[in-house]
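Peer 1: Need coordinates for the following:
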Amino acid sequence: MDYSPSPNSSWVWKRICGVKHEIAHGYTDGIWHQQEGFSSARCYDWLKGQAPKVQWEKVVWTGWSLPKHNFLGWLWAHGPLQTKCKLLNYGVIDEDTCQLCGMGSESQEHLFFDCPYSRQVIQQAWVYGAKGVQYAMVTNAVYGIWQQRNTCRHEMVLVHPEWLAKRILNDMKARIRERDKSHLSMFDVEWLESKNLM
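Peer 2: Down below sits the predicted model:
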């Protein structure tokens with residue numbers, strides 16, 4: 001525990017040694033403070049601390065979504081997407097009219113919930129049924145709408161909402177077909193087949 005890296009050590013080694021000093025605070029008189037004993041998993045949990053449960057976790061981190069959809073869904077849940085409303089606040093642009101519908105201020109709330117274009121896309125792409133698939137549809141739709149918004153902003157191309165809805169559904173079908181379905185119940189399989197998602 002007394003070891004310190006030399007000044008010419010790599011930053012990786014210095015960081016590892018820094019974590020060692022943080023772990024040292026978990027010991028009292030050479031004994032790990034948790035009753036269950038020391039393990040790397042328990043130590044990691046202790047280092048990162050207790051985070052509150054968030055309501056959007058199951059929607060964003062569903063195994064039915066593609067990783068890129070999960071990641072954008074995570075950004076959406078945290079609110080850092082650079083909408084025109086934010087860019088206007090930063091002084092980067094002069095107006096914040098929604099790129100997709102030309103009405104209202106382009107905030108995340110408007111773009112994904114109030115925008116007539118987005119609502120039309122979601123209504124046409126939405127599939128009622130299994131929760132995991134519905135959650136994946138949310139992140140898939142958020143990704144598709146955000147991608148379309150950026151295409152419209154940078155390339156001045158806006159596709160018809162029906163076309164975007166079909167693309168979202170096709171992405172969903174491709175994801176479902178490539179996943180291992182051995183863990184699915186007979187009911188889930190029948191439901192997916194009835195919706196033409198398998």
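Peer 1: The lowest-mean-pLDDT helix or strand in the chain: partners in the sheet, and parallel or antiparallel?
Peer 2: Among the helical and strand segments of the chain, the one scoring lowest on mean pLDDT, DSSP states H and E is strand 31-32, with a mean of 76. Sheet partners assigned to strand 31-32 using DSSP bridges are listed as strand 27-28 (antiparallel).
Peer 1: Contacts for the partner strand, please.
Peer 2: Residues outside strand 27-28 that contact it (CB atoms under 8 Å, 6 or more residues apart in numbering) are His33. In short, each C-beta sits where N, CA and C put it, glycine included.
Peer 1: how far is that strand from where the chain is centred?
Peer 2: 38 Å (CA atoms, centre = their mean, to the nearest Å).
Peer 1: swap in stretch 146-162?
Peer 2: 21 Å.
Peer 1: Which of the helices or strands spans the closest residue in space to Gln124 that isn't next to it in sequence?
Peer 2: Leaving aside its sequence neighbours, Gln124 sits nearest to Ala165 (CB to CB, 6 or more residues apart in numbering; 3.6 Å). For Ala165, the enclosing helix or strand under DSSP states H and E is helix 161-178.
Peer 1: could I get that helix in CSV with only the CA atoms?
Peer 2: The C-alpha trace of helix 161-178 is given here as CSV (Å, rounded to 0.1, in the frame of the first residue of the first chain):
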residue,chain,number,x,y,z
PRO,A,161,-42.9,10.1,-42.0
GLU,A,162,-44.3,6.9,-43.4
TRP,A,163,-40.9,6.0,-45.0
LEU,A,164,-39.1,6.7,-41.7
ALA,A,165,-41.6,4.6,-39.8
LYS,A,166,-41.0,1.7,-42.2
ARG,A,167,-37.3,2.0,-41.7
ILE,A,168,-37.7,2.0,-38.0
LEU,A,169,-39.9,-1.2,-38.2
ASN,A,170,-37.4,-2.9,-40.6
ASP,A,171,-34.5,-2.1,-38.2
MET,A,172,-36.6,-3.6,-35.4
LYS,A,173,-37.4,-6.8,-37.4
ALA,A,174,-33.7,-7.2,-38.3
ARG,A,175,-32.7,-6.9,-34.7
ILE,A,176,-35.4,-9.4,-33.5
ARG,A,177,-34.4,-11.9,-36.2
GLU,A,178,-30.7,-11.8,-35.3
